[in-house]
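> can you look at this prediction? I've put the sequence above it.
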Amino acid sequence: MLGDGDLDLSAVYQFARAHETAKAADISLKLESDITATAQEQIEKAGKELQKITDVRTNSSSILCTYDLASGRVTALKRFDHVIEAPNWMKDGSLLYNDGGHLFRYYMDSRKIVPVDTGFCINCNNDHVPTQDNRYVFVSHMTFDSGFNSLVYRIPLDLEEGQKAEPVQVTKKGPSFLHGVSPDGKEAAYCAFRNYDPVTGKALADIYIHPTEGGQEKGLTDHQGFNDGPEYSMDGKNIWFISTRTGLMQVWKMDRDGSNQTQMTFEDQNNWFGHISPDGKYVVNIAYHKGALDPGEHLSNMNVSLWLMKADGSERHKILDFFGGQGSINVNSWDPGSTKFAFVMYELEHK
């Protein structure tokens, strides 16, 4: 759909994407250099304009929620008039989440919000991961000083009064996008771009691990498809991840050393981010409709669903349809008792 520039472009684009319309634009198609531009030139201009707003979220509000496994009940905890992302369920009953690159804790009992001191890491991506004892949180901190980059850092959470957080760099190479920390806290798993497709020239997304104290990174996947979202099982024996190597994005599992890579989901849809419960019994993931986006895309403000299965892949079923996507459940958000998990719904606020 092409318009004449009478409506807000972001609003039109977000509306079209939410309804899975292939292309939509509402811009003036007159090229300043040539008012007699061909239809193809006009379409190319529209495409360039749309690329600028692929993930614009300035008109979104967020609803922090929990899902109860036994009852299927969704509880809305708090509404925000802006975007928050990726809750983790902490042992003290708080939810750790990202808000504009900063981390905060929402205490469910008191409804109090407390900022987290992350030192110089104030441009964190939505993939923070606390250690199992909650003494540290690992983050991907993005910098733009010499081009886009992202590195993994470890930040202490149990600060004494008056003590300032001092992040410790874990990965030497970037970009690195964290998604998992081993139960013993000695290893981090992340998605990274280190190689390029010799035909297309596109960067290849693979899974890497890195000791949290020195050492070198090690690749676990071999450039087949887009590989992302590595997350350790609570016993440390397996890493759950996602990959497009069979066409659509699907949930996979492998041994901690990268062996025995096994596909775990098979629906005709794009399944993102498999999160294993602390008791090792269940896996929840977010899913996009086939054709709504490219398999390697994980976009915001779309009609998505949550799926649940046992860790062996059995009893798999959809548990919820909602409006969300990027930021809804990027990281493991199970409660310590494996009875609930947290996620974020979104709403568009265009007027």
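Good, I have the coordinates. Residues are numbered from 1 along each chain as shown.
> on the pLDDT front, check Ala203 for me.
With respect to pLDDT, Ala203 has a value of 88.
> wait, it touches Phe193, no?
Yes - at 4.0 Å, Ala203 and Phe193 qualify as touching, with contact defined as CB atoms under 8 Å. (C-beta placed from N, C-alpha, C; glycine too.)
> would you mark the buried spots in stretch 87-95?
Using 16 or more other CB atoms under 10 Å as the test for burial, stretch 87-95 gives Pro87, Asn88, Trp89, Met90, Ser94, Leu95.
> remind me what the helix or strand encompassing Trp240 packs against, helices and strands.
Here Trp240, judged by DSSP states H and E, is contained in strand 238-243. Judged by 3 or more CB pairs under 8 Å, 6 or more residues apart in numbering; DSSP states H and E, the packing partners of strand 238-243 are strand 203-211, strand 227-232, strand 250-255, strand 269-276.
> the next helix or strand after the first one: partners in the sheet, and parallel or antiparallel?
Think strand 203-211. Once strand 203-211 ends, the next helix or strand along the chain (criterion: DSSP H and E) is strand 218-219. Note on strand 218-219: by DSSP bridges, its sheet partners are strand 203-211 (antiparallel).
> quick one: distance of the strand it pairs with to the chain centre.
Averaging C-alpha positions (CA atoms, centre = their mean, to the nearest Å) puts strand 203-211 16 Å from its chain's average.
> now stretch 165-179
Distance of stretch 165-179 from the chain centroid (CA atoms, centre = their mean) equals 17 Å.
> same check on stretch 180-200?
With CA atoms, centre = their mean, you get 15 Å for stretch 180-200.
> check the average confidence over that stretch, would you?
In this model, stretch 180-200 has a mean pLDDT of 94.
> mind starting the numbering at 26 from now?
All set: I'll call the first residue 26, so the last point we hit is now stretch 205-225.
> gap between the two ends of that stretch?
The straight-line separation of the ends of stretch 205-225 (CA to CA, to the nearest Å) is 29 Å.
> check which residues of the strand or helix carrying Phe163 are buried.
Phe163 is part of strand 161-168, with elements assigned from DSSP H and E. Buried positions in strand 161-168, judged by neighbour count with 16+ other CB under 10 Å: Tyr161, Val162, Phe163, Val164, Ser165, His166, Met167.
> which strands or helices does that strand pack on?
Contact partners of strand 161-168 among helices and strands, from 3+ CB pairs under 8 Å, 6+ apart: strand 154-155, strand 174-181, strand 201-206.
> if you set the cut-off to 6 Å instead, what comes out?
Secondary-structure packing of strand 161-168 (3 or more CB pairs under 6 Å, 6 or more residues apart in numbering; DSSP states H and E): strand 174-181, strand 201-206.
> out of those, deepest packed?
Comparing those by mean neighbour count (mean count of other CB atoms under 10 Å), strand 201-206 ranks first with a mean of 26.
> how far away is Thr364 from Ser302?
9 Å (CB to CB, to the nearest Å).
> higher neighbour count, these two?
Counted by other CB atoms under 10 Å, Thr364 and Ser302 do not tie: Ser302 has more neighbours, with 24 against 16.
> that one reaches Ser363, doesn't it?
Yes - taking CB atoms under 6 Å as the definition, Ser302 is a contact partner of Ser363 at 4.0 Å.
> picking up where we left off before, could the buried residues of strand 161-168 be laid out in CSV, adding pLDDT and distance to Lys243?
Listed next are these as CSV, based on pLDDT from 0 to 100; distance: CB to CB, whole Å:
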residue, pLDDT, distance to Lys243
Tyr161, 98, 21
Val162, 98, 23
Phe163, 98, 17
Val164, 98, 21
Ser165, 97, 18
His166, 97, 22
Met167, 93, 23
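> where does pLDDT dip in this structure?
Along the chain, segments meeting pLDDT under 70 span 26-43, 46-80, 171, 375-376.
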